[in-house]
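Coordinates for the following, if possible.
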Amino acid sequence: MKHHGRIKVEKNERIVAYFSMEIGLDHRIPTYSGGLGVLAGDTIKAFADLHVPVIAVTLVHSKGYFYQKIENGEQKEIPVDWSKDDFLKKTDVVIDIPLKDRTIKVTAWEYICKGCANYEVPVYFLDTNLPENSDYDRKLTDHLYGGDEYYRMLQEIILGIGGVRILEALGYTNLKKYHMNEGHAAFIAFELYNRLKGKVPADELVTEIRKRMVFTTHTPVPAGRDNFPLDVVKNTLPDFPDEHEASIVQDGKLSMIQLALYFSEYINGVAEKHGEISRGMFPEYPIDSITNGVHSVTWTCNSFQELFDKYIPGWRRESFSLRYAIGIPRDEIMEAHEKAKGALIDLLNSRLNAGFDRDIFTLGFARRAAAYKRADLLFKDVNRLVHLSEQVGKIQIVFAGKAHPADQHGKGIIKHINDIAASLKDKIKIVWLENYDMDSAKLLVSGVDLWLNTPIPPWEASGTSGMKAAHNGVPHLSSMDGWWLEGHIENETGWSIGKTASTDSPRNDDQDAAEMYLKLEKKILPLFYHDKSAWVNIMRHCIALNGSFFNTHRMVEQYVVNAYFR
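Sure, this is the predicted structure:
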């Protein structure tokens, strides 16, 4: 029903609950660290656009992730204090989570995400900062991915068990599906198990839970999986499903991914290749794949939004219509890109004194500073890179991304690149834009001329930054991994680096770097500097072929059909 210009949905009409440890809805709400959280935010925006009767749950992360400062080329982490009252509305609901040695009280803050036709999706941010809790427990919702193993386990208990209880207390009593965006929320299964135990026959209990559970797994990397010592879990939670221990415990630890897999009816990876790898890792489970997407309106810069509004008026409601971008005049595509590039270069020059030039080929690389993403592969042969810039076509490069505070290797990559940038300052201009967030990401994916992505195959489950670039007509140069296996058409949407790999394929940085330099030398730089018409054709293909498909409107429609209402 419509009410005061919005579409009001009764609580008993909400039938899907979407759980994610991090959600990125707005750069001013720092409750996300990277791709997982931004994807969750983009998914919620698509739910709202498409009128899907969903509610979402996350933690409030009162201290945010962290603010990244670069000092002498090194990352420094600064705590973030943000004002919840500026963006969220406090609810009056408080629930209890009984543990063996105490009870944790949890409240919630509400954020309303409005879609393109004013349909609303409520998002609830769970908060333990209540006077009834101990000082330790009050801080459990302070830091995203902070603290030790016990702290992380309690956060996941709050998200899974606390989330189910909060929704019930808020009046959402007709939920049919619980969708876990990664395994952090898998304690939902324990809560449903204890609620249904005794109400349904014992031999039907697991089946009844599975009917309600949807699990999206995002990583083939072991570091991305949480495991908690079984004795600690049992000493914390009063009820543990001992009869199912063999299916959810590995090497004396509760595996959150095994817990999610075992109790879910529908399971999916986030790209075709990732689904294939996941089936190989967990052959006992039927794992589907739904390739990730991005929220088209969120990630399209202003100049391209205006262009799409002019030529594709329905694109905000139906991202698939971006296929018609193939017919937008070339000169207007280039004009829109030049505006976006100018905005990025103005920012870099004013903030970093970068000395960037609008006429020089600008290459961008921005993502988490994790070892497998190989941010420094571009510098495998520095002399070759300098030769390309001096003899083939001038290059300037912008990097951005945070390393996890405990990831010394990732921090080392940031320092290494900044050291190289300093040593090459008279030959190639290279900068690291600190504190990469949603706001700066939009400037980067729209303002560079080429988006670079160099993960070690097959460790990139999907990746989404290249999809954002495609919405702005920016071509992609990438390893053959993740979504790029589906979006790559050589010389049409971008260029490949290396070959598709399996989990036991040897890593070959030298060969991948050599191919990257060759593509830059023989294909990319000559095309950019000497055949602008052909370059703009590629830009149009990026939008029409990849922007029209790799978006959360298409992705959410697949979840609705395959997972929610099957």
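
Every contact and neighbour count from this point should use C-alpha atoms.
OK.

buried ones in stretch 237-250?
Residues L237, D239, F240, I248, V249 are the ones in stretch 237-250 that count as buried (16 or more other CA atoms under 10 Å).

And for stretch 181-196?
Buried residues in stretch 181-196, counting neighbours by 16+ other CA under 10 Å, are found at 181-193, 196.

For that stretch, which outside residues touch it?
18-21, 40, 156-157, 159-161, 163-164, 180, 205-206, 209, 215-218, 225-226, 239-241, 256-257, 259-260, 263 (CA atoms under 8 Å, 6 or more residues apart in numbering).

and if you look at stretch 125-133?
For stretch 125-133, using CA under 8 Å, 6+ apart, the contacting residues are 57-61, 104-111, 137-141, 158-159, 162-163.

Span of it from start to end?
From its first residue to its last, stretch 125-133 covers 17 Å (CA to CA, to the nearest Å).

quick check, distance from that stretch to the centre of its chain.
Chain-centre distance of stretch 125-133: 27 Å, with CA atoms, centre = their mean, to the nearest Å.

So for that stretch, what gets flagged as buried?
In stretch 125-133, counting by 16+ other CA under 10 Å, buried: F125, L126, D127, T128, N129, L130, N133.

and if you look at stretch 89-104?
V94, I95, P98, L99, I104.

what residues are up against the third one?
In other words, P98. Contacts for P98 (CA under 8 Å, 6+ apart) come out as I104, L237, P238.

make it 10 Å
Residues counted as contacts of P98 (CA atoms under 10 Å, 6 or more residues apart in numbering) are I104, K105, I161, G162, T236, L237, P238, D239.

can you put those residues in a markdown table and add distance to N508, secondary structure and pLDDT?
Below are these laid out as a markdown table (distance: CA to CA, whole Å; DSSP: H, G, I helix; E, B strand; the rest coil; pLDDT from 0 to 100):
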| residue | distance to N508 | secondary structure | pLDDT |
| --- | --- | --- | --- |
| I104 | 50 | strand | 99 |
| K105 | 51 | strand | 99 |
| I161 | 44 | helix | 99 |
| G162 | 45 | helix | 99 |
| T236 | 45 | helix | 98 |
| L237 | 46 | coil | 98 |
| P238 | 49 | coil | 95 |
| D239 | 48 | coil | 93 |
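
Could you identify the most distant pair in these?
Farthest pair in those (CA to CA) is K105 and D239. Separation: 18.0 Å.

Within its local environment, how many residues does I257 see?
21 (other CA atoms under 10 Å).

so can I have CSV of the buried residues of stretch 237-250 showing distance to G466?
Converted to CSV, the buried residues of stretch 237-250 look like this (distance: CA to CA, whole Å):
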residue, distance to G466
L237, 42
D239, 44
F240, 42
I248, 35
V249, 37
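
now, which of those residues sits nearest G447?
Nearest to G447 among those, with distances taken as CA to CA, is I248, at 46.0 Å.

how near is that closest one to G498?
37 Å.

ditto for I161
On the measure of CA to CA, I161 and G498 end up 44 Å apart.

cool, V164 as well?
Counting by CA to CA - V164 and G498 are separated by 45 Å.

and if you look at A369?
21 Å.

and if you look at E168?
50 Å.

likewise I55?
From I55 to G498 the distance is 41 Å (CA to CA).

So if I had to pick from the two, which one is more boxed in?
I55 (26 against 20).

I'd say that one and K45 touch.
No - counting by CA atoms under 10 Å, I55 stays clear of K45, with 11.4 Å between them.

intersection of neighbour lists for the two?
Joint contacts of I55 and K45 (CA under 10 Å, 6+ apart) are C113, E120, V121.

hey, where'd the helices end up in the stretch 301-450 of the chain?
All helices of the stretch 301-450 of the chain, identified by DSSP state H, counting those that start in this stretch, fall at 302-311, 330-352, 382-387, 408-423, 438-447.

got those as CSV, with mean neighbour count columns?
As requested, the helices of the stretch 301-450 of the chain are exported to CSV (neighbours: other CA atoms under 10 Å):
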stretch, mean neighbour count
helix 302-311, 17
helix 330-352, 17
helix 382-387, 15
helix 408-423, 18
helix 438-447, 23
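
out of the ones you listed, nearest to K176?
Using CA to CA, these put helix 438-447 closest to K176, at 32.2 Å.

mind checking pLDDT for the nearest residue to E13 once chain neighbours are set aside?
Leaving aside its chain neighbours, E13 sits nearest to P53 (6.6 Å; criterion: CA to CA, 6 or more residues apart in numbering). Looking at P53, its pLDDT stands at 98.

P53: how many residues sit nearby?
21.

Y151 and R138, how far apart?
12 Å.
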